[in-house]
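Undergrad: following is a predicted model, sequence given first.
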Amino acid sequence: MPEDSPIIVWIRRDLRLSDHAALSEAAGTGRPVVPVFILDEVVEKTGAAAKFRFGLGIGAFQERMEGIGSRLILRRGKALEVLRALVEETGAGAVWWQRAYDPEAQGRDREVKAALKEDGVDARSFAGHVLFEPWTVETGAGGFYKVFTPFWKAVRGRAVTEPLPTVTELKAPDAWPESDKLDDWKMGAAMRRGASVVAGHALVGEEAARGRLGAFMSHGIAEYGDRRNLAGEDGTSGMSEPLTYGEISPATCWHAGMRARDDGKRGAETWLKELAWREFAYHLLHHTPRLATGNWREDWDGFPWREDAGSEAVTAWKQGRTGVPFVDAAMREMYVTGRMHNRARMIVASYLTKHLLTHWKIGMDWFADCLTDWDPASNALGWQWTAGSGPDAAPYFRIFNPETQAEKFDLDAVYRRRWIAEAYANPTKTALSYFDAVPQSWGLEPDADYPDAPIVALDEGRKLALAAYENRDF
């Protein structure tokens with residue numbers, strides 16, 4: 001290939017111009033750059049809410065590209081076939097991208113890299129959406145970390161490269177290849193009527209992400225340690241959504257947190273620890289891919305989970321009608337906003353896996369379909385951590401009580417009133433939005449009666465869970 005041949009930059013979960021290693025490197029060569037996003041075999045499998053949100057992010061990134069005089073080419077099909085076609089059409093001598101770390105994406109990428117190299121194309125991958133490449137963090141014995149606390153101690157003082165400058169110019173090719181139209185992809189189709197509701201709560205695009213981070217650093221991080229668990233308050237950073245789509249890099253977040261820590265903002269250390277928890281999820285997923293598909297602790301394979309995803313109890317859980325207000329409020333928040341407060345995630349996961357003794361994979365899959373900030377590693381780790389089958393140093397028989405959790409983290413019922421219409425007089429607009437967001441087939445209306453009792457009483461559910469644990473030899 002000629003030395004001045006175009007470089008194709010394959011955009012994936014990195015919808016930004018700042019701190020983008022592949023784009024920065026390509027821009028620095030002075031060669032023409034053809035950015036492309038492919039709706040490929042991996043992206044096609046994304047759950048309804050995440051695919052919808054991905055579409056919003058792609059649209060915003062297209063505008064960012066046009067703002068610097070470039071374009072984002074859209075193509076649909078098997079990744080390798082699309083890239084080979086683009087190489088042929090553009091005369092590109094290189095295809096570069098930033099790495100992914102979930103097993104399915106890694107399998108795709110290995111196939112693409114090997115095939116393109118065989119074709120004589122410079123196929124190159126760069127560090128992706130983590131702070132530390134998973135294989136570079138090792139125990140003293142040379143293995144990988146299986147418990148978070150020692151992992152945190154290993155990385156908390158480790159150097160993180162400063163974010164790369166924002167790309168402000170990309171040389172255009174002599175002729176742009178044809179591009180699909182984003183609207184034709186209908187990435188929000190599976191959301192049906194819920195799309196318009198969730199869209200009103202989405203934080204979309206690189207500029208919005210950086211604005212949110214700046215506001216949190218100025219006004220939220222100092223009290224983060226005290227407020228992050230209070231479900232009714234805006235005490236979290238809100239960065240899970242833009243991190244999911246790479247609209248901001250983890251390094252940008254990390255360095256902002258470090259500056260806040262150096263400035264004496266006492267919540268900064270706790271927030272940095274949460275970023276490290278995300279790293280830990282990818283660390284484990286890389287070293288033990290079964291985290292996403294089966295019990296991380298293999299001795300849990302014989303545990304008698306209930307696996308009927310359509311049972312009456314699971315249906316009530318999915319619909320936010322268990323009769324346990326904290327659980328139901330959390331599920332309804334997810335349908336309206338596409339997100340769920342982190343404390344609430346632990347409560348709904350515990351209720352499903354312990355009070356209802358239902359397999360964590362049912363909950364994990366449901367979240368994958370309903371969350372706009374769905375992340376393959378964090379979702380899997382969160383569910384297994386709560387269920388007891390994951391890498392948690394605490395006893396597996398820890399069972400969250402939603403009532404005592406509500407007393408502690410939603411004392412004035414602000415969160416529950418915000419999301420449950422039937423249980424309170426003068427329901428809020430957000431609570432009523434739930435009925436506009438959920439599937440019509442559920443047949444739910446705001447004038448329906450709220451369940452007068454939990455589908456499984458909290459004491460009864462706890463006893464059943466403990467009995468199941470006692471009858472199992474761990």
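TA: Yep, that arrived. Numbers count the residues shown, from 1 in each chain.
Undergrad: the one helix or strand residue 274 maps to packs against which elements?
TA: Residue 274 belongs to helix 268-287 when assigned by DSSP states H and E. Helix 268-287 is packed against helix 148-155, helix 224-227, helix 250-262, helix 376-387, with contacts defined by 3 or more Cβ pairs under 8 Å, 6 or more residues apart in numbering; DSSP states H and E. The C-beta positions use only the backbone N, C-alpha and C, and glycine is treated the same way.
Undergrad: of all those, which one is nearest residue 244?
TA: helix 376-387 (8.7 Å; Cβ to Cβ).
Undergrad: quick check: next helix or strand after the closest one?
TA: Taking DSSP H and E, what comes next after helix 376-387 is helix 402-409.
Undergrad: can you report phi and psi for residue 11?
TA: phi -80, psi 140 (degrees, to the nearest 10).
Undergrad: so what sits opposite the nearest residue to it once chain neighbours are set aside in the bridge?
TA: Excluding the flanking residues, the one nearest residue 11 by Cβ to Cβ, 6 or more residues apart in numbering is residue 37, at 4.7 Å. Taking DSSP bridges as the rule, residue 37 bridges to residue 11, residue 74.
Undergrad: who are the contact partners of residue 37?
TA: Neighbouring residues of residue 37 by Cβ atoms under 8 Å, 6 or more residues apart in numbering: 10, 11, 12, 58, 61, 72, 73, 74, 75.
Undergrad: which one of these sits closest to residue 117?
TA: The closest of the contacts of residue 37 to residue 117 turns out to be residue 10 (Cβ to Cβ; 14.5 Å).
Undergrad: and the closest residue to the closest one other than its chain neighbours, helix, strand or coil?
TA: Leaving out its chain neighbours, the residue that sits closest to residue 10 by Cβ to Cβ, 6+ apart is residue 97, at 3.9 Å. Classification of residue 97 using DSSP: H, G, I helix; E, B strand; the rest coil returns strand.
Undergrad: again with residue 427
TA: Quick answer, by three-state DSSP: residue 427 is coil.
Undergrad: so where is the stretch 351-474 of the chain shaky, pLDDT-wise?
TA: Filtered on pLDDT under 70, the stretch 351-474 of the chain yields the residue ranges 393-397, 473-474.
Undergrad: just the strands from this protein, written as ranges.
TA: 7-11, 33-39, 73-76, 94-98, 122-126 (DSSP state E).
Undergrad: let's have the ones you listed in JSON lines, adding distance to residue 418.
TA: Converted to JSON lines, the strands of the chain look like this (distance: least, Cβ to Cβ, whole Å):
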{"stretch": "strand 7-11", "distance to residue 418": "36"}
{"stretch": "strand 33-39", "distance to residue 418": "35"}
{"stretch": "strand 73-76", "distance to residue 418": "37"}
{"stretch": "strand 94-98", "distance to residue 418": "37"}
{"stretch": "strand 122-126", "distance to residue 418": "42"}
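Undergrad: my read: the residue nearest to residue 10 touches residue 22, true?
TA: Yes - Residue 97 lies in contact with residue 22 (Cβ atoms under 8 Å); the separation is 5.9 Å.
Undergrad: what about the nearest residue in space to residue 56 that is not next to it in sequence, neighbour count?
TA: Excluding the flanking residues, the one nearest residue 56 by Cβ to Cβ, 6+ apart is residue 204, at 4.7 Å. When neighbours are defined as other Cβ atoms under 10 Å, residue 204 has 22 of them.
Undergrad: follow-up on the earlier one: nearest to residue 235, of the strands of the chain?
TA: By Cβ to Cβ (comparing all of those), the closest turns out to be strand 94-98, at 31.3 Å.
Undergrad: residue 206 and residue 167, how far apart?
TA: In this view, residue 206 and residue 167 are 11 Å apart by Cβ to Cβ, to the nearest Å.
Undergrad: list residues touching both of these two?
TA: Joint contacts of residue 206 and residue 167 (Cβ under 8 Å, 6+ apart) are 17, 18.
Undergrad: show me the contacts for residue 289.
TA: Residues near residue 289 by Cβ under 8 Å, 6+ apart: residue 103.
Undergrad: again, but for residue 331
TA: Taking Cβ under 8 Å, 6+ apart, we find residue 331 in contact with 317, 318, 319, 320, 340, 348.
Undergrad: out of those, grab the one that's most surrounded.
TA: Using other Cβ under 10 Å as the neighbour criterion, residue 348 leads those with 28 neighbours.
Undergrad: tell me, how many residues neighbour residue 140?
TA: Around residue 140 there are 7 residues (other Cβ under 10 Å).
Undergrad: and it, how close does it get to residue 287?
TA: As judged by Cβ to Cβ, residue 140 and residue 287 stand 16 Å apart.
Undergrad: wait, which of the contacts of residue 331 is closest to residue 16?
TA: Among the contacts of residue 331, residue 340 lies closest to residue 16 (Cβ to Cβ), at 24.5 Å.
Undergrad: against residue 131, how distant is the closest one?
TA: Counting by Cβ to Cβ, the gap from residue 340 to residue 131 is 24 Å.
Undergrad: quick one on the thing from earlier: how about the helix holding residue 274: buried residues?
TA: 268-269, 271-286 (16 or more other Cβ atoms under 10 Å).
Undergrad: ok so, going back, okay, the strands of the chain, which one's buried deepest?
TA: With neighbours taken as mean count of other Cβ atoms under 10 Å, those reach their highest mean count in strand 7-11, at a mean of 26.
Undergrad: mutual contacts of residue 97 and residue 22, please.
TA: Shared contacts of residue 97 and residue 22 (Cβ under 8 Å, 6+ apart): 9, 10, 124, 126.
Undergrad: just to revisit the earlier point, which pLDDT value belongs to the residue nearest to residue 11?
TA: Looking at residue 37, its pLDDT reads 98.
Undergrad: could you do the one 5 residues further on as well?
TA: The predicted local distance difference test score for residue 42 is 97.
Undergrad: OK, contacts around it?
TA: 79, 104, 105, 108.
Undergrad: point out where this protein drops to low pLDDT.
TA: In the predicted model, the chain carries pLDDT under 70 at residues 1, 393-397, 473-474.
Undergrad: domains in it, by residue range?
TA: The chain breaks down by automatic domain parsing into domains covering 1-125, 193-287, 298-470.
Undergrad: which of the ones you listed sits closest to residue 158?
TA: domain 193-287 (9.8 Å).
Undergrad: which one of the contacts of residue 37 is nearest residue 153?
TA: Closest approach between these and residue 153, by Cβ to Cβ: residue 12, at 31.4 Å.
Undergrad: just give me the neighbour total for residue 400.
TA: 21.
Undergrad: now it: closest residue in space, sequence neighbours ignored.
TA: Per Cβ to Cβ, 6+ apart, closest to residue 400 is residue 350, 4.0 Å.
Undergrad: next up, the contacts around that neighbour.
TA: Residue 350 neighbours (Cβ under 8 Å, 6+ apart): 386, 399, 400.
Undergrad: now residue 50
TA: Contact partners of residue 50, counting by Cβ under 8 Å, 6+ apart, are 244, 368, 371, 372, 374.
Undergrad: switch to 6 Å and redo it
TA: By Cβ atoms under 6 Å, 6 or more residues apart in numbering, the residues touching residue 50 are residue 374.
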